[in-house]
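Novice: starting from these lines, generate the structure:
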Amino acid sequence: MSDAETKQNRTFSDDELQDLVASTDSGGRNPTNRAVALFISGAAFAWSLFQLWIAQPQLWFGAWVPVLNSSQTRPVHLGFAILLAFLAYPAMKSSPRDRVPLLDWVFAIVGAGCAFYVFLFSRELAMTARSGLPTTPQIVIGSVGILLLLEASRRALGPALTIVGSIFLLYAYMGQGWLIPDIIEHAGLSFTAIVNAQWLDTTGVFGIPLGVSTAFVFLFVLFGAILDKAGAGNYFIQLAFAGLGALRGGPAKAAVVGSAMTGLISGSSIANVVTTGTFTIPLMKKVGFSSEKAGAVEVASSVNGQIMPPVMGAAAFLMVEFVGISYVEVIKHAFIPAVISYIALVYIVHLEALKRDMPALGAAANLGKMFLKIAIGFVVAGAAFYALIWAVGTLQSVAPAISGWIIMAAIIITYVLMVRTAAHHPDLTLDDPNSGKFTLPTVKEVFPTGLHYLLPILVLVWFLMVEMQSPAKSAFYAVAVMLSIIITQRPLKAMFRGESVGLAFRAGLIDLVDGMITGARNMIGIGVATAAAGIIVATVTKTPIGTELAGLVEMLSGGHLMIMLLLVGVFSLILGMGLPTTANYIVVSSLMASVVVQLGAQEGLIVPLIAAHLFVFYFGIMADVTPPVGLASFAAAAVSGGDPIKTGFTAFFYSMRTVALPFLFIYNPTLILYGVDLGTTAGILQAIMVFCVATVAMLLFAAATQGYFLAASRKWESAALLLVAFTLFVPGFWLDRIQPRFEELPPTELAQTFDEANVGDTIRFVVSGPAFIDGSPSELTLVHTVTEDEPATGRADAAGLFLMPEGENLYMDEPMFGTPYQQQLQGFDFYMDERVEVTSLLHPADRLPKQIFWIPALLLLALVVVMQRRRQTKPAF
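Specialist: Residues are numbered from 1 along each chain as shown. Okay, here's the model as predicted:
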């Protein structure tokens, strides 16, 4: 074997793996000078304290200390991020990692100073730069700040975001050139205008993405870091092994479930791979997985941790701002795709185990029975949660004055009892997975030892979904509970075990400080990424690229939504090779999400904006897997000793279900529970039906792509399974082929239809006319949903529509400025000789239920089952 192959296929030590995580997530520099190391740790700790201070919802300090607004907190947030980026991340691979060079100190101080300037002089900026009158010193400070931000981005995230941001800045400045398509050309912005918009105003670097990082993301990352430092990560991994390790290919199944649970506490797919993979990958290899397949299972599991509610990474909080819905709504829409994706991955590794007749670790268990136990557990947990909601509601109605104190006392007593239970069991340790002997833990041994870790998660879910509080407030209370736990769990255990309480209390304080520092260092990349991505967002709003990109994409895709979705997916994957998920999501959603909606409308398909954003989000996540740059695949290969490129391709193949899901919920938004009211019994029953059908369909999709169902599949059987899965997911596709979705009514009845519709009804009509850009014929399908705020009559006028009936034709004038229709119809030219006209009024046709196509699909599935049963040699589960 050559030296290169030996190096490529060797496994890494624990220290090397932790260094790999640090290099990508928190900075790989570890100064030997104690004063410098303390300064970096102190700055990180101060950043965490600042974030907790501004998140404190009661604002008790308002009488003594001014309360900061968002335009003041964002610069401080970025100042800490830039300072730590230059101190923690070396400039080059060859740069020293045991000390901070003088130039890095200069960059760190100047870069942080440029950000803090925006905080310190916010009042002066409001009267000068933000009023369109920036001074020369302000322009100089802004210019230096932008350059140092891009350099900090290069260090923390690699060159991709720096290059993309620079290209957008050049486009904003030049406006025209042989590389710039005519459709997005503009006159070019002045250097002063660009710096003013990007650094001195509140719409560029200090815009919405950085605001989300400041208000929401930091608290959730800090919550995860402290939860992990307290021992929850190890608890979740061991619980997964205890529950699933005895199944065929059990370590792989444990990797999937363990990664789903650790996704709650880690926003980094690379850290997730190393944390769980250190245990799971050697055990997967022990039961028969190759190095590449073991690494690929861990990658596919860990990357999907970012789509798992209730904590879904920074991009989910950005969706709240970009889409304009609550975080609870985001969780609702993301829940079913995330859960069925993980269920399908468990099934994929089960099929791998069946194909290769892999043994179990210990006495073999049955996957079907395990799924049944988990389902029963979810039902019991759900019933207990609803009972808790009822009990708290009753208490608040009976004794509102003291209910808060009673609830707090109940939480404290419950926590102490949980820690007491944990103290009566030995602390969790897992056998060395590389040793010859490995003993599986049991659920009975593991479950009681970490029940108290569920309390802060319960608090988070409670405030998010029951109290309907903001993500920031919910995260603050969850962090507050977690801070109490990490300080007190060691002393309480020591007290119950008769050990030294003082030493345990000191260890708890050390855990607290380490967790605060780790949380802040894990935020460096996200803080810098959201700030740098703000450059792209501001350029989109200040130049024609935001409004005219739809025309360019439509031209490239030939007006076909599916082709455009493929282009968007490929664009996300290419960008994601160098951008982290958050930055990738910001860039692509800013450019493409509204375009997906517009092009869908032109095809008569109403694509919800949240579906378009989730589409971009899913493909951004996939970039962590995709060769040749998928960092998670390289991290897994470092653990397994396998080839990173082969690991990446195998992980991508395992993740095909994650690639397919976005296309499915674009064409069938019910899959993301769009339009499903979970506040009614009918809505809940519909959601359960959607979940069950989608789960079956996704399992069949997994079986088809793996070439194994009850037995090894023939090609026609795999094709049949794919067809059945598609039909279960999108039955309306076949119905549309034989029956039209709508019948046409005379367009002159549009105003009457508006007035006769009931609240909640939708009205669909088609508008055609000359395009604003070049006067070419253009067509757009619009959908109006009647709301309670609309008047009983004259609804079309109230909506801002100016309708002009002439005989059998219905023409339109430009809609009222500031109305949604003015935005939707801005692509039409209302001042040309050819007039804008309502050409169709579409009424839902009376047709067969789309679910009727499930019948032939299930019959085809039955045929495949019968054929494979004849060849089946192993139990299906």
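Novice: tell me the pLDDT at A725?
Specialist: Here, the pLDDT recorded for A725 equals 92.
Novice: neighbours of the closest residue to A91 other than its chain neighbours, how many?
Specialist: Counting by C-beta to C-beta, 6 or more residues apart in numbering, R155 is the residue found nearest to A91 once chain neighbours are left out, at 6.3 Å. Where C-beta positions appear, they are placed from N, C-alpha and C, glycine not excepted. Look at R155: counted by other C-beta atoms under 10 Å, it has 24 neighbours.
Novice: how about G324?
Specialist: Neighbours around G324, by other C-beta under 10 Å: 10.
Novice: same deal with the one 10 residues further on?
Specialist: Other residues lying near A334 total 24 when counted by other C-beta under 10 Å.
Novice: mean confidence for the helix or strand that it is a member of?
Specialist: Assigned by DSSP states H and E, A334 belongs to helix 327-355. For helix 327-355, the mean per-residue pLDDT is 84.
Novice: same thing with stretch 533-544?
Specialist: Taken as a whole, stretch 533-544 carries a mean pLDDT of 85.
Novice: next one: that stretch to chain centre, how far?
Specialist: Centroid separation between stretch 533-544 and its chain, computed with C-alpha atoms, centre = their mean, to the nearest Å, is 22 Å.
Novice: need the longest helix for this protein.
Specialist: helix 367-398 (DSSP state H).
Novice: what's the first helix or strand after it?
Specialist: helix 403-423.
Novice: ok now that following helix, how far from the chain's centre?
Specialist: Worked out by C-alpha atoms, centre = their mean, helix 403-423 lies 33 Å from the chain centre.
Novice: buried residues, the next helix or strand after it. List them.
Specialist: Following helix 403-423 in sequence order, the next helix or strand is helix 443-446 (DSSP H and E). Residues V446 are the ones in helix 443-446 that count as buried (16 or more other C-beta atoms under 10 Å).
Novice: and stretch 369-389, by the same measure?
Specialist: Quick answer for stretch 369-389 (16+ other C-beta under 10 Å): M370.
Novice: ok, stretch 96-109 next?
Specialist: Buried positions in stretch 96-109, judged by neighbour count with 16+ other C-beta under 10 Å: R97, V100, D104, F107, A108.
Novice: among those residues, which has the minimum pLDDT value?
Specialist: Where pLDDT dips furthest among those: R97, at 83.
Novice: tell me if it really is in a strand.
Specialist: No: assessed with DSSP: H, G, I helix; E, B strand; the rest coil, R97 is coil; it does not lie in a strand.
Novice: so what's it closest to, chain neighbours aside?
Specialist: Counting by C-beta to C-beta, 6+ apart, R97 lies nearest to R29, which is 5.0 Å off, once chain neighbours are set aside.
Novice: could I get the full set of strands for the chain?
Specialist: Ranges of strands in the chain, per DSSP state E, are 742-745, 762-770, 777-785, 802-806, 809-813, 837-844.
Novice: OK, contacts around Y585?
Specialist: By C-beta atoms under 8 Å, 6 or more residues apart in numbering, the residues touching Y585 are A315, L318, H613, V616, F617, G620.
Novice: out of those, name the ones that lie in helices.
Specialist: A315, L318, H613, V616, F617, G620.
Novice: if we ignore the residues flanking it in sequence, what's nearest the second one?
Specialist: When you say that, I think you mean L318. V212 (5.1 Å).
Novice: that neighbour reaches A316, doesn't it?
Specialist: No: applying C-beta atoms under 8 Å as the test, V212 and A316 come out as separate, 9.6 Å apart.
Novice: one step back: looking at the strands of the chain, which is nearest to A384?
Specialist: Among those, the nearest to A384 by C-beta to C-beta is strand 777-785 (36.9 Å).
Novice: run through who's touching the closest one.
Specialist: Contacts of strand 777-785 (C-beta under 8 Å, 6+ apart): 598, 601-604, 606, 754, 760-771, 799, 821, 824-825, 827-828, 839, 842.
Novice: kindly recompute the last result at 7 Å.
Specialist: 601-602, 604, 606, 762-771, 799, 824, 827-828 (C-beta atoms under 7 Å, 6 or more residues apart in numbering).
Novice: filter those residues down to just the buried residues.
Specialist: By 16+ other C-beta under 10 Å, the contacts of strand 777-785 give 601-602, 604, 606, 763-770, 799, 824, 827-828 as buried.
Novice: for the residues you listed, which one is nearest F729?
Specialist: I606 (17.8 Å).
Novice: quick check, nearest of the buried ones among the contacts of strand 777-785 to L147?
Specialist: Checking those one by one against L147 (C-beta to C-beta), the nearest turns out to be G827, at 36.9 Å.
Novice: may I ask you to confirm that that closest one is in contact with A771?
Specialist: Yes: in this structure, G827 is within contact of A771 by C-beta atoms under 7 Å, at 6.1 Å.
Novice: mind putting the strands of the chain in TSV, distance to H186 and mean pLDDT included?
Specialist: Shown next, in TSV, are those (distance: least, C-beta to C-beta, whole Å; pLDDT from 0 to 100):
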stretch	distance to H186	mean pLDDT
strand 742-745	39	85
strand 762-770	22	87
strand 777-785	21	82
strand 802-806	30	89
strand 809-813	28	90
strand 837-844	30	87
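Novice: looking at the ones you listed, which is closest to V501?
Specialist: Per C-beta to C-beta, nearest to V501 of these: strand 777-785, 61.2 Å.
Novice: so how far is that closest one off the chain centroid?
Specialist: Worked out by C-alpha atoms, centre = their mean, strand 777-785 lies 30 Å from the chain centre.
Novice: buried stuff in that strand?
Specialist: Neighbour-count burial for strand 777-785 [16+ other C-beta under 10 Å]: S778, E779, L780, T781, L782, H784.
Novice: what does stretch 671-688 give?
Specialist: L671, I672, L673, Y674, V676, Q686, A687.
Novice: what is the end-to-end distance of that stretch?
Specialist: Taking C-alpha to C-alpha, to the nearest Å, stretch 671-688 runs 11 Å from one end to the other.
Novice: centre of the chain to it, how far?
Specialist: Worked out by C-alpha atoms, centre = their mean, stretch 671-688 lies 22 Å from the chain centre.
Novice: pLDDT on that stretch, on average?
Specialist: On average, stretch 671-688 scores 85.
Novice: same thing with stretch 249-265?
Specialist: 72.
Novice: pull the CA atoms of that stretch into CSV?
Specialist: The C-alpha coordinates for stretch 249-265 follow below in CSV (Å, rounded to 0.1, in the frame of the first residue of the first chain):
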residue,chain,number,x,y,z
GLY,A,249,-27.3,-3.9,12.2
GLY,A,250,-28.1,-2.3,15.6
PRO,A,251,-25.2,0.1,15.8
ALA,A,252,-26.3,1.7,12.6
LYS,A,253,-29.8,2.1,13.8
ALA,A,254,-28.4,3.5,17.1
ALA,A,255,-26.4,6.0,15.0
VAL,A,256,-29.5,7.2,13.3
VAL,A,257,-31.6,7.7,16.4
GLY,A,258,-28.6,8.9,18.5
SER,A,259,-27.9,11.5,15.9
ALA,A,260,-31.5,12.6,15.7
MET,A,261,-31.5,13.2,19.5
THR,A,262,-28.1,14.9,19.6
GLY,A,263,-29.4,17.1,16.8
LEU,A,264,-31.2,18.8,19.6
ILE,A,265,-28.0,19.9,21.2
